[in-house]
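S.K.: Structural data only, the sequence is not supplied:
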């Protein structure tokens, strides 16, 4: 873990291959600096907490 918030240093690329946005079913990209999985199609950023992606739309941050 990289900091006090337990943000993972990286996400396994294999995980990104199987995870999709629950709203659009589209691809996700990993924003390492923010520690989030980003869905450009849904304009949502899903948090990663303690190494676990939280794939709930109500937990996601809205992107502008």
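M.R.: Happy to help now that I have it. Quick caveat: nothing in here was measured; it's all calculated off a predicted structure.
S.K.: so the residue nearest the centre of the chain bridges to which residues?
M.R.: The structure's the chain has its C-alpha centroid closest to residue 37; by CA atoms, centre = their mean the separation is 1.9 Å. Legend: beta-bridge partners of residue 37 under DSSP bridges are residue 30, residue 46.
S.K.: list the contacts for it?
M.R.: Contacts for residue 37 (CB atoms under 8 Å, 6 or more residues apart in numbering) come out as 11, 16, 19, 28-31, 45-46, 48, 53, 55. Where C-beta positions appear, they are placed from N, C-alpha and C, glycine not excepted.
S.K.: If you rank these by neighbours, which is first?
M.R.: Among those, the one with the most neighbours (other CB atoms under 10 Å) is residue 28, at 25 neighbours.
S.K.: and the gap between the nearest residue to that one once chain neighbours are set aside and residue 62?
M.R.: Nearest non-adjacent residue to residue 28, counting by CB to CB, 6 or more residues apart in numbering: residue 37, 4.3 Å away. Distance, residue 37 to residue 62, by CB to CB, to the nearest Å: 14 Å.
S.K.: Quick check: pLDDT value at the residue nearest to residue 28.
M.R.: At residue 37, the pLDDT value in this model is 96.
S.K.: ok, now residue 42?
M.R.: For residue 42, the model assigns a pLDDT of 98.
S.K.: repeat for residue 5
M.R.: 48.
S.K.: Could you do residue 47 as well?
M.R.: 96.
S.K.: thought it was touching residue 54?
M.R.: Yes - between residue 47 and residue 54 there is a contact under CB atoms under 8 Å: 5.1 Å.
S.K.: Need the overlap of contacts for these two.
M.R.: Applying CB under 8 Å, 6+ apart, one finds that residue 47 and residue 54 are jointly contacted by residue 60.
S.K.: For these two, work out which one has more neighbours and name it.
M.R.: The neighbour comparison of residue 47 against residue 54 (other CB under 10 Å) goes to residue 47, with 18 against 14.
S.K.: Now do that one against residue 33, distance only.
M.R.: Applying CB to CB, the value for residue 47 to residue 33 is 13 Å.
S.K.: What of residue 26?
M.R.: Taking CB to CB, one finds residue 26 at 21 Å from residue 33.
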